[in-house]
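> fold the following and give me the result.
(one chain, ligands or ions: 2)
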Amino acid sequence: MSAPTDKTLLQVEGLRTVFETRDGTVCAVDGVDVIVERGECLGVVGESGSGKSVTFNSVMGLVRSPGRIEAGRIMFEGRDLRALNQTEMRAVRGRDIAMTMQDAMTALNPALTVGEQIAEMLEAHDKGLPSGRNARRRAIRAHSVKMLGLVGIASPETRLGQYPHEFSGGMRQRIMIAIALASMPKLLIADEPTTALDVTIQAQVLELITDTRAKLGMSVVLITHDLGVVAEHCDRVMVMYAGQVVEQGRTADVIMRPKHPYTKGLLGSLPRLSLRGQRIEPIEGQVPELIDLPAQCRFYSRCRERGPECLKNIEMRDAGNGQTARCVRVQKELAT
Ligand SMILES: Nc1ncnc2c1ncn2[C@@H]1O[C@H](COP(=O)(O)OP(=O)(O)OP(=O)(O)O)[C@@H](O)[C@H]1O
Ligand code: NI
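Ligands and ions are numbered 1, 2, ... in the order given. Presented below is the predicted three-dimensional model:
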């Protein structure tokens, strides 16, 4: 992983998050490092079950029993988020870091109007709201109308008074983004923001995130199965497999010169020049069970390039240009 700089907003080091199950301890996230710089968009890709959501739920302090963070440091603007108590962490959520959940349908509260939910977020984080009751109410309303307009909801004044079920799936997704953005977070974590949306709405939602990123100067973590989205919207990309980061680097480098056989597999089945809209194609074989994994490359059983030298724990290796990959074959290339 590249080194932190003055511009580093979020730095995760050695994150390990486990779930106790009847079959044993599932190590969903095992030694994950992440760096997010100010203003950048980081893409996170990997097959289902690779640990993408658990990694960022851990950052948000939202891992619930039987899960727990077992090790690692989560530094946000120089503060150690793991050292915060619940009240302090609640203040960070939404105000500094907002996350839109994979499941938009259930993430919204069905019993509250959209306006009430945006207001709740604004009240909780209280960024420069006036103190008088009426002035405060007016400010919240004005800001809520603005947010709904920003996410492309027509007649926002009327729409504020409606409940989630009165909106289409695509609109609900955009409303969740509006709620996340209402507090002007420094970091937006969008977990599969366009899953289950039709192609036109997908494009709108992503444009919205990218535009808002530019306007607010915020950073974005985009969790997605869609490599076309990564190619188009992300400065850097991180590829996860079986609870580990297996490759990361600048998007263009990783897509044009993938170093890890898993990344090559993900890209291999895609037509190079039309990545748009392509989801990850399955690679032959199965992701290993994340319980009591042997000390060897986790991709071993599915790897076309495997050899006896892969039967040990593999560290991330430097491929040059800030690109790293967890494969014994990786060699540093001269800067281009
Ligand atoms: N509540 C839980 N109990 C037990 N294991 C869990 C639980 N939640 C997650 N896991 C484990 O963590 C692994 C990683 O899950 P995670 O949701 O992070 O995957 P993901 O990469 O986000 O996948 P997807 O693309 O399907 O969203 C799962 O395969 C599962 O083994
Ligand atoms: Ni997920």
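> helix, strand, or coil at T5?
Here T5 is recorded as coil under DSSP: H, G, I helix; E, B strand; the rest coil.
> from N109, how far out is H165?
Using Cβ to Cβ, to the nearest Å, H165 is found at 11 Å from N109. All C-beta spots, glycine's among them, are computed from the backbone N, C-alpha and C.
> so between the two, which is more surrounded?
Legend: neighbour count by other Cβ atoms under 10 Å for H165 and N109, higher for N109 (14 against 9).
> test my guess that K186 contacts A98.
No - with contacts counted by Cβ atoms under 8 Å, K186 stays clear of A98, the gap being 9.2 Å.
> who has more neighbours, the two?
Counted by other Cβ under 10 Å, K186 and A98 do not tie: A98 has more neighbours, with 26 against 21.
> for the record, mean pLDDT for the helix or strand hosting that one?
Assessed by DSSP states H and E, A98 sits inside strand 97-100. For strand 97-100, mean pLDDT rounds to 92.
> looks to me like A231 is in a strand.
No - counting by three-state DSSP, A231 is not part of a strand but helix.
> quick check, the residue in the chain closest to ligand 2?
Taking Cβ to the ion, ligand 2 has its nearest neighbour within the chain at S53, 3.1 Å off.
> alpha carbons of the strand or helix carrying that residue, as CSV, please.
In this structure, S53 sits in helix 52-59 according to DSSP H and E. Output of helix 52-59 as CSV, limited to C-alpha atoms (Å, rounded to 0.1, in the frame of the first residue of the first chain):
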residue,chain,number,x,y,z
LYS,A,52,-15.7,-5.2,0.8
SER,A,53,-18.8,-4.3,2.9
VAL,A,54,-17.3,-5.6,6.2
THR,A,55,-14.1,-3.5,5.6
PHE,A,56,-16.1,-0.3,5.4
ASN,A,57,-18.7,-1.2,8.0
SER,A,58,-15.7,-1.6,10.3
VAL,A,59,-14.5,1.9,9.4
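> so which bits of the next helix or strand after that helix are buried?
Per DSSP H and E, helix 52-59 leads on to strand 67-76 as the next helix or strand towards the C-terminus. Burial within strand 67-76, assessed by neighbour count using 16 or more other Cβ atoms under 10 Å, is assigned to 67, 69, 72, 74-76.
> report the contact partners of L293.
Counting by Cβ atoms under 8 Å, 6 or more residues apart in numbering, L293 touches 27, 242.
> mind checking pLDDT for it?
pLDDT, L293: 90.
> so it belongs to a helix, correct?
No - counting by three-state DSSP, L293 falls outside a helix, being coil.
> return the distance of stretch 216-232 from the chain's centre.
8 Å (Cα atoms, centre = their mean, to the nearest Å).
> ah, wrong one, I meant stretch 7-17
On Cα atoms, centre = their mean, the centre of stretch 7-17 falls 13 Å from the chain's centre.
> what's the answer for stretch 98-114, then?
17 Å.
> ok, and for it, which residues are buried?
Buried residues in stretch 98-114 (16+ other Cβ under 10 Å): 98-102, 104, 107-108, 113-114.
> wait, doesn't E120 sit right on L112?
Yes - counting by Cβ under 8 Å, E120 touches L112, with 7.4 Å between them.
> if we can go back for a sec, could the buried residues of stretch 98-114 go into a markdown table alongside distance to G268?
Listed next are the buried residues of stretch 98-114 as a markdown table, based on distance: Cβ to Cβ, whole Å:
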| residue | distance to G268 |
| --- | --- |
| A98 | 35 |
| M99 | 31 |
| T100 | 30 |
| M101 | 31 |
| Q102 | 26 |
| A104 | 31 |
| A107 | 34 |
| L108 | 38 |
| T113 | 47 |
| V114 | 43 |
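> most widely separated two among those residues?
Greatest spacing in the buried residues of stretch 98-114, by Cβ to Cβ: Q102 and T113 (23.5 Å).
> got any ranges where the stretch 201-336 of the chain has weak pLDDT?
Scanning the stretch 201-336 of the chain with the threshold set as pLDDT under 70 gives 269-282, 333-336.
> show me what contacts the closest residue to ligand 1 within it?
Relative to ligand 1, the nearest point of the stretch 201-336 of the chain is L290 (5.2 Å; Cβ to the nearest ligand atom). Neighbouring residues of L290 by Cβ under 8 Å, 6+ apart: 26-28, 30, 49, 242-243.
> how many neighbours does E88 have?
Count around E88 with other Cβ under 10 Å applied: 12.
> would you map the helices across the stretch 201-336 of the chain?
227-233, 251-256, 261-268 (DSSP state H, counting those that start in this stretch).
> which one, of those helices, ends up nearest to G94?
That would be, of the helices of the stretch 201-336 of the chain and by Cβ to Cβ, helix 227-233, which comes in at 22.9 Å.
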